[in-house]
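> Need a 3D model of the following:
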Amino acid sequence: MTQWFEDITLNAPYPLGAHTFTEAEIIRFGTLYDPQYFHVDPELAKQSQFGGLVASGWHTVSVGHARMVAALDAEGERLRGLGEEPGVSGPSPGVNKMEFKAPVRPGDIVSYTLTVTGKRPSNSIPGWGLLFNTIEAHNQRTELVYRAELVGFSKLRDYKMPLRLRLLQALTGVPGLGKLLRP
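Sure, this is the predicted structure:
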């Protein structure tokens, strides 16, 4: 996130932008990463349960992730332009749920939204918090096409490492003693 953990508001949708899925792009992605006939062959796809060519669900996910990274980077740049220091995001420890609700077809314009639905300090990584997020994607007809619940790390701005952890960190750097203290 571009906000510090302490400043993140829950349940406030953050628009990530939209993407138009073209037939050529759907076929290219399908050919490279998900070569099922309903992603790569418009004629054979007519015989599928979809009745035509559709984007791979992984294509929908990948575009949404790229939109998220681009939107958050742009927000970070905006904050730096105002003289503010944006928050620091970390990796994702996982996806809890992922649903493909409706097929994405050539010409569909899919809009993505990120919502932080919960947060808590990390139990395992000092100075970081966990964000519980929902990403939703709707097509131009407002149909939900994709929804995922995922977790991400966000750095705490005001974190002060406890004295016992600072001492342990310092002691692990002492030759000989460090090997005894490391797990």
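
> any low-confidence regions in this structure?
1, 162, 165-166, 176-183 (pLDDT under 70).

> Helices of that one, residue ranges please.
With DSSP state H, the ranges of helices along the chain come out as 23-33, 37-40, 42-45, 57-81, 163-172, 177-181.

> show me the contacts for residue 3.
86-87, 154 (CB atoms under 8 Å, 6 or more residues apart in numbering). In short, each C-beta sits where N, CA and C put it, glycine included.

> Which of these fall in strands?
Counted as lying in strands by DSSP state E, out of the contacts of residue 3, are residue 154.

> Which of the contacts of residue 3 ranks first by neighbour count?
The most neighbours of any of those, using other CB atoms under 10 Å, belong to residue 154, which has 24 neighbours.

> how about that one, what does it touch?
1, 3-5, 8, 87-90, 119, 128-131.

> So for it, what's the nearest residue that isn't a sequence neighbour?
Nearest residue to residue 154, sequence neighbours excluded (CB to CB, 6 or more residues apart in numbering): residue 5, at 4.4 Å.

> any idea how far the one you found lies from residue 17?
24 Å (CB to CB, to the nearest Å).

> Who has more neighbours out of those two?
The residue with more neighbours, out of residue 5 and residue 17, is residue 5; 25 against 16, by other CB under 10 Å.
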